[in-house]
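Novice: Show me the folded form of this:
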Amino acid sequence: QLQLVESGGGLVQPGGSLRLSCAASGFTLDYYVIGWFRQAPGKEREGVLCISLSGRTTMYTDSAKGRFTASRDNAKNTVYLQMNSLKLEDTGVYYCAAEVVCPEHYELGSTYFGSWGQGTQVTVSL
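Specialist: Predicted coordinates for the structure are as follows:
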């Protein structure tokens, strides 16, 4: 059974950093891309980025460009989301999801990604 588990969320002040992890079990990430998503209170879930099999990252939100990066450690079957210079508006539940190919764009409400984790809360607050 495919399972993804996010971790690493928490409370951080503006300007701080967090590294989220997305650990896979029941399958190997060698053959899957991983997308990162977030949902702020009262808003739709939005795509943040997707990391391909080769490590190439496709960004889905301009607000994360230059601040968020993704990496993958296939030996650990884990993908990471490094978030720097965090802002108040980065607050939300962050999810990872697996698919075969990273889409060039991610539309709000898309059902493209099939396997999702349960999410981890990130709160940026003074």
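Novice: What's the separation between the residue nearest to Trp36 when sequence neighbours are not counted and Pro103?
Specialist: Using CB to CB, 6 or more residues apart in numbering and skipping the chain neighbours, the partner closest in space to Trp36 is Val48 (4.4 Å). The C-beta positions use only the backbone N, C-alpha and C, and glycine is treated the same way. Val48 sits 13 Å away from Pro103, going by CB to CB, to the nearest Å.
Novice: the more surrounded of the two?
Specialist: More crowded of Val48 and Pro103, by other CB atoms under 10 Å: Val48, with 24 against 16.
Novice: quick one: the more buried one from Arg38, how far?
Specialist: 6 Å.
Novice: can you list residues touching both of these two?
Specialist: Jointly contacting Val48 and Arg38 under the rule CB atoms under 8 Å, 6 or more residues apart in numbering are Tyr94.
Novice: secondary structure element for the nearest residue to Ile51 once chain neighbours are set aside?
Specialist: In this structure, Ile51 finds its nearest non-sequential neighbour in Ala70, 4.0 Å apart by CB to CB, 6+ apart. Of the helices and strands defined by DSSP states H and E, Ala70 is found in strand 68-73.
Novice: residues of that strand that come out buried?
Specialist: Phe68, Thr69, Ala70, Arg72 (16 or more other CB atoms under 10 Å).
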